[in-house]
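S.K.: predicted model, plus sequence, below.
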Amino acid sequence: MTDKNILVAYYSYSGNTKVVAEKIKKITGGNIVEIIPVKPYPTGYNEVVQLAKTEKENNVLPAIKPIDKDVSKYDVIFVGTPVWWYTMASPVKTFIANNKFDGKVIVPFCTHGGGGESETFTDIKKFAPKATVKTGFSTYERTANDKNTEEWIKSLNL
């Protein structure tokens, strides 16, 4: 993958997705950027669950802080998210909506609390229809290890 410009972009509410993003960065040697909402999410579990549900039901794209990387300069973009209400977290939807992924390779990954990736990877394809979306990686909370993460990345044949 040394001939590819790789970006690892992720949103992490509780730190689980960040752990996986950092493993991917270490394995690929790519750059990393965190997707940060302008307005922080509530710290209480029930409050964030309710807000995430409302955002999904109303197709809310919350404002995110500018990132310090130009997505157009990358060939492969790993996009990481927690699974919220059976799909990607709203800040990740905003990130995808705010950038052009035409002709890019998107490699999705997600963390979840037991329900798997649900519609996360399918929805990423819908949000970036002109990108090539590779097979995603899903892990329970932060249980991904270097070995299974590396095996998944190798299986992508990037």
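M.R.: Nice, I can see it. Numbering: from 1, shown residues only.
S.K.: any idea how far residue 58 is from the residue sitting nearest the centre point of the chain?
M.R.: In the chain, the centroid-proximal residue (C-alpha atoms, centre = their mean) is residue 80; its distance is 1.8 Å. Here the distance between residue 80 and residue 58 works out to 24 Å (C-beta to C-beta, to the nearest Å). Where you see a C-beta, it was placed from the backbone N, CA and C, and this is true even at glycine.
S.K.: again, but for residue 11
M.R.: Taking C-beta to C-beta as the measure, residue 11 and residue 58 are separated by 19 Å.
S.K.: what about these two, which has more around it?
M.R.: Neighbours per residue (other C-beta atoms under 10 Å) separate residue 11 from residue 58, with residue 11 holding more: 26 against 9.
S.K.: who's in contact with the more buried one?
M.R.: Applying C-beta atoms under 8 Å, 6 or more residues apart in numbering, one finds that residue 11 lies in contact with 17, 34, 35, 36, 37, 80, 81, 82, 89, 91, 92, 95.
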